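> Return a 3D structure for these sequence lines:
(chains A and B)
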Amino acid sequence: MSKEKSELLQGTLDMLILKALQLEPMHGFGLSVRLRQLSNGVFQVEMGSLYPALCRLEAKKWVKAKWGVSENNRRARYYELTPAGRKQLEAEATEWALLSSTITAMLRATSPSV
Amino acid sequence: MGPLHRIVFRLKCLFVRNRKADELAEEMKAHLEMQVSANVAGGMSPDAARREAFLQLGRVEQAQEACRDEYSFPWLDCLARETRHAFRGLVKRPGFTSIAVATLALGIGASTAVFSVVETTMLRPLPFPNADQLVNVEFELTGKGTANFGCSVSELDDLRALSNVFSDVSMVFPMDGNLTGVSEPQRVEALAVSPNYFHLLGVAPALGRTFGQEEASIPGWAQGCVLSHEAWMNYFGGDPSVIGREFYMDYDTFRVIGVMPAGFRHPGRILSSNVDVWFTGGLRAPPFAPTPERNYRLIPGVVGRLAPGVTPAVAQAKIDDYAARTRADYPKNYVLTDGWTPRIRVLQSVLVADLRGVLWLLLGAVLLVLAICCATVANLMLVRAMTRRQEMAMRCALGASRSAIVRQLVVEGLLVALAGGIGGIVLSWSFSPTLLALAPVSIPLLNKVALNGHVLGFAILVSGATCLVFGLAPALRATKLDLVSDLKSGGRTAGHSTDVQRWRTLLVGGQIALSLVLLVGAGLLCRSFLNVWRTNPGFDPRNVLIGRIWLPPPSGTTAHKVYLEHENRAALMRELVRRFGELPGVQAAAIGNDVPLTEGSHGEQITLGTSAGDSPVEGTAATSLVSPGYFRTLGIPLLRGREFGDSDDGKNPVVIVNLALANRYWPGQDAVGRRLARGMGKDLKWCTIVGVVANAKVEGLDRPESARIYFPEYQESWLGLAFFVRANGAVSEALMNAVRREIHAADSDLPAYGLSTMDQIMSRSLARRRFMAIMIGAFAGASLLLAAMGVYGVMALTVSHRTKEIGVRIALGAGRGQIIGMVLRRGLLIAAAGIGAGAVGALFAAQAIQNLLYQTYPLDPLIWVSIVLLLFAIAVLACWIPARYASSVDPMIALRGE
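The predicted structure follows:
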């Protein structure tokens, strides 16, 4: 969890949270575990980043939260994608794919062909 | 999902903020615990697992802080915190806070109240559509210097025909009337107008209709009349079916055709109260001539509405052309050298002409008070900022940013200004009705006085800016300066405090200067008031009851012609004098035609004969009609000859003159036995002078006594009567009722009105001067108090700053007297500088109010010297306590204390 890692995360964290919630509602700890798994252990999310991001998403009505009981009987707040959140995820994923493929292509380009 | 959405979300969270925070904390704790469990499951010891979880996830508190920025308004939290902090700080210093707030409230309240009244009476247009087009037309003889000449029906028709000047004109003819046919006879004020009067003003009736074609086509007075709201309520009980009801006014039958809305007032001079009844007519039947005659100038006043786009200046130029044409066309009717000219004046300025001086004076005074209040508050803020230097330095040292400190001071200044503003609003709310009630308003109040938002805003802005600038400036400098010296010195002797002291000295000097201006103004006005008050009126105002009666003029259509004849009026007067004289406790009673001190009388042209039969002399004099016993009743001394008697009934016409007339036309000779007559030319009715009485100030206590002729009322009389009853002691309610009963017994259709004592009338005639003196005096007193506080504050702080120095001086052998002298010298220096600057301002102020003064020299040495001495005395007094403190400084303690 070096600085670079969290900075890398900064712009895309909201999108990755939406992605992580795509399959099922999850609580905060579950989310952080899932994000680490999805990134093959590259991203370690601090609470100081995760929860403000969740607040943001909640404010935008892309996720909604309700209290539930976790697998080991702990009270936990479960976050769930809203239809608007689902749409937003699709849009952002498309955009990201375009952006990243473009950037990748640009980086791979050899100088003579430019 | 725009920014609006997020703001709404945050606003929602604002109300559930604490719950939200708790929820987050619980959620994060759960998260942490899960991480710990996971770590333990991964094979760590519980302690290591917890430590590792913290490392992995970060602190709960910090995360919470980060979240709060997401779901709330950070600056709002901050502001709330600052406000709470500032509020607590202000409450902790009730002395500072209450003085600052009270001072601001005084400044804001007084200036707003006074300006609101000024604005309502002077600046705001009349409550009529396009009121700036409404003008008064007065007729002048510029060659003779005569104004308010009145006009004839032909001239009114001429004006109406000037369609490029006026869109409409209407006559305005105030009259007294006796209203009968209602429960009790009432004296009412009626206004005869042209049929287009209401249309000209642009006002619709509340009930029924106003004058129309029906009234305009009648040659004489029309029956249809319009009531004021008050008359409708008072005499007709607010009856909604009043339209069509008939009543009698001076024995003529009238029919109600409309009722005006409440608050509608005739915009112009009236007789005594407000207009109750409007009536109209064609002006082609008595009292007017069947065909208009140019010289028959019965109409006393005209109002007009200028045609659209015509300015008063353009209108006047066109009217001047018209006047020149008319003078040339009718040389028989207009003497060339008289210079007959109709003059237009904007209605609004005519209405407030009387009050203008008073209101400007008040406005000037109140602005001075506002300035003094601001200086006081500035001074207080400086002191506060200075005493808190240590606190500020401490906060800086602990890491408070400069912006945080500035923010706190801004909030504090704004809180003080806000509280002062609220106090000011409350004050001006309760103050403006009093101001209006005190104000001697001689015109109908056409607008309701409403607090003026602009002025209130301006006053609050000025005081708010004062709070901010003087609260912030020293603090800003403080935060820039080196903290170490401030922390060490405890904020007492730091270098720049002398700078602040210099500012404070300047402010206090300014306060003294402004106070001097106010005090001199108050002194001059009080002196004028006293001069008028102490003036010998020439009559004895004690124990005299005064009232009026209006005798209904006869109408051509009814049988009531009683008071058409002078003999019948004289009989009524004799009867009344006899009845009043027989009442128990009455010393003397008499009848006259006007009440002293209530209206100025115009000079009348007279011709004075000589006993030797030389050629007669022309002159002017005021005239009065009085019955026998008048001089005795009012206590006007008879100097020569005799009073009028019952037999002075016109067979041998006689008059009595006052000393001023006798001295002017027969200086050094006996006027008794000489002759004079009204008017000039031939066919004069000569009267013999039978007595000379002392001058009496019947036109106004502050007016010079003009030459006056008294005619015996049994010899000639008019429809308006005033009666005078001198009692043995103070005038009682019982006497008033007895007098009313006697009038009723003499003629049950006659209402008496305006009953009051001569003392009351005299006091009322002084109302304006008293009002000015009281108001400016109160302002001056308040400013003196504030200035004294200022001097004391500065000196007390100077002394406490210099405690160490004073200690050294005492240790080196300075005596107590020397120390006291040192402090006093400094205080008096400030006072002297302020007085010097103030004297210059006061000179200008005294010049400006010169025409409001009565027998008072603007540079009256007594007033100036005593006010300067008073200010010095106040300064000495304010310095005395700090000086005493300084002289009692114990050198040991002072030196050790540092």
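
> you'd agree B:Val256 is in a strand?
Yes - B:Val256 forms part of a strand when assessed by DSSP: H, G, I helix; E, B strand; the rest coil.

> what's the pLDDT at it?
B:Val256 is assigned a predicted lDDT (pLDDT) of 93.

> wait, doesn't it sit right on B:Arg209?
No - at 10.6 Å, B:Val256 does not count as touching B:Arg209 under the criterion of C-beta atoms under 8 Å. Quick note: C-beta positions are derived from backbone N, CA and C, even for glycine.

> Find residues that contact each of those two.
Counting by C-beta atoms under 8 Å, 6 or more residues apart in numbering or on different chains, no residue touches both B:Val256 and B:Arg209.

> Can you pick out the residue with more neighbours from those two?
More crowded of B:Val256 and B:Arg209, by other C-beta atoms under 10 Å in any protein chain shown: B:Val256, with 23 against 14.

> B:Ile243 versus that one, what's the distance?
Between B:Val256 and B:Ile243 the computed distance is 6 Å (C-beta to C-beta, to the nearest Å).

> cool, and B:Leu398?
Taking C-beta to C-beta, one finds B:Leu398 at 82 Å from B:Ile243.

> Around chain B, which positions in chain A sit nearby?
Contact residues (C-beta under 8 Å from any C-beta of the partner chain) of chain A with chain B: A:1, A:27-29, A:32-33, A:44, A:46-52, A:55-56, A:58-62, A:70, A:72, A:74-77, A:84.

> Buried subset of these, written for ChimeraX?
Here is the ChimeraX command that picks out the buried ones among those, judged by 16 or more other C-beta atoms under 10 Å in any protein chain shown:
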select /A:1,27,28,29,32,33,44,46,47,48,49,50,51,52,55,56,58,59,60,62,70,74,76,77
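
> Of the residues of chain A next to chain B, which belong to helices?
A:28-29, A:32-33, A:47-52, A:55-56, A:58-59, A:84 (DSSP state H).

> and the stretch 451-600 of chain B, which residues reach chain A?
Counting by C-beta under 8 Å from any C-beta, no residue of the stretch 451-600 of chain B is near chain A.

> Tell me where the stretch 451-600 of chain B has strands.
Ranges of strands in the stretch 451-600 of chain B, per DSSP state E, counting those that start in this stretch, are B:544-550, B:586-592.

> Let's have the ones you listed in a markdown table, adding mean pLDDT and mean neighbour count.
Shown next, in a markdown table, are those (pLDDT from 0 to 100; neighbours: other C-beta atoms under 10 Å in any protein chain shown):
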| stretch | mean pLDDT | mean neighbour count |
| --- | --- | --- |
| strand B:544-550 | 89 | 23 |
| strand B:586-592 | 94 | 23 |
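
> could the ones you listed go into JSON lines alongside distance to A:Ala105?
Output for the strands of the stretch 451-600 of chain B, formatted as JSON lines (distance: least, C-beta to C-beta, whole Å):
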{"stretch": "strand B:544-550", "distance to A:Ala105": "108"}
{"stretch": "strand B:586-592", "distance to A:Ala105": "115"}
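
> which element is residue 65 on?
Looking at chain A here, since you left the chain open. strand A:63-69 (DSSP states H and E).

> oops, chain B please
Going by DSSP H and E, B:Glu65 is in helix B:60-71.

> Pick out the residue nearest the middle of chain A.
Nearest to the centroid of the C-alpha atoms of chain A, with distances taken as C-alpha atoms, centre = their mean, sits A:Leu16, at 1.7 Å.

> Apart from its chain neighbours, what residue comes closest to that one?
Closest residue to A:Leu16 apart from its sequence neighbours, by C-beta to C-beta, 6 or more residues apart in numbering or on different chains: A:Leu35 at 6.0 Å.

> So the one you found versus A:Gly28, what's the distance?
11 Å.

> Which strands and helices lie in contact with the lengthiest strand in chain B?
Criterion DSSP state E: the longest strand present in chain B is strand B:166-180. Using 3 or more C-beta pairs under 8 Å, 6 or more residues apart in numbering or on different chains; DSSP states H and E, the elements in contact with strand B:166-180 are helix B:153-161, strand B:186-193, helix B:197-201, strand B:246-249, strand B:301-306, strand B:544-550.

> Let's have those in TSV, adding distance to B:Thr798.
Shown next, in TSV, are the helices and strands packed on strand B:166-180 (distance: least, C-beta to C-beta, whole Å):
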stretch	distance to B:Thr798
helix B:153-161	72
strand B:186-193	65
helix B:197-201	64
strand B:246-249	76
strand B:301-306	64
strand B:544-550	61
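
> For chain A, what's the nearest residue on the stretch 351-500 of chain B?
B:Gly399 (21.7 Å; C-beta to the nearest C-beta).

> Enumerate the positions of the strand holding A:Ala65 that are buried.
Applying 16+ other C-beta under 10 Å to strand A:63-69 flags A:63, A:65 as buried.

> Tell me who's in contact with whichever residue of the stretch 651-800 of chain B sits closest to chain A.
Proximity of the stretch 651-800 of chain B to chain A (C-beta to the nearest C-beta) peaks at B:Leu797, 50.0 Å away. For B:Leu797, the contact set (C-beta under 8 Å, 6+ apart) comprises B:383, B:386, B:501, B:504.

> so the last one makes contact with B:Met795?
By that I understand B:Arg504. No - counting by C-beta under 8 Å, B:Arg504 does not reach B:Met795; the two are 10.2 Å apart.

> hmm, back to that, just list the residues touching the residue nearest to A:Leu16, thanks.
Contacts of A:Leu35 by C-beta under 8 Å, 6+ apart are A:16-17, A:20, A:43, A:45.

> is it possible to export those to CSV including distance to B:Arg160?
As requested, those are exported to CSV (distance: C-beta to C-beta, whole Å):
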residue, distance to B:Arg160
A:Leu16, 89
A:Ile17, 86
A:Ala20, 91
A:Phe43, 94
A:Val45, 92
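
> Relative to B:Leu336, which of those is nearest.
A:Ile17 (103.0 Å; C-beta to C-beta).

> What's the mean pLDDT across the host helix or strand of the closest one?
Applying DSSP H and E as the criterion places A:Ile17 in helix A:3-20. Averaged across helix A:3-20, pLDDT comes to 67.

> shared neighbours of B:Val256 and B:Ile243, which are they?
Here B:Val256 and B:Ile243 have B:Gly208 as joint contacts, going by C-beta under 8 Å, 6+ apart.

> returning to that earlier point: check the secondary structure at the residue of the stretch 651-800 of chain B closest to chain A for me.
helix.

> now the stretch 401-550 of chain B, which segments are flagged as low pLDDT?
B:437-451, B:474-498 (pLDDT under 70).

> For it, which segments are assigned as helices?
B:402-438, B:453-480, B:483-489, B:497-534 (DSSP state H, counting those that start in this stretch).

> can you redo the ones you listed as TSV with mean neighbour count?
Shown next, in TSV, are the helices of the stretch 401-550 of chain B (neighbours: other C-beta atoms under 10 Å in any protein chain shown):
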stretch	mean neighbour count
helix B:402-438	19
helix B:453-480	19
helix B:483-489	16
helix B:497-534	22
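
> and those as a markdown table, adding distance to B:Asp22?
Output for the helices of the stretch 401-550 of chain B, formatted as a markdown table (distance: least, C-beta to C-beta, whole Å):
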| stretch | distance to B:Asp22 |
| --- | --- |
| helix B:402-438 | 28 |
| helix B:453-480 | 37 |
| helix B:483-489 | 39 |
| helix B:497-534 | 48 |
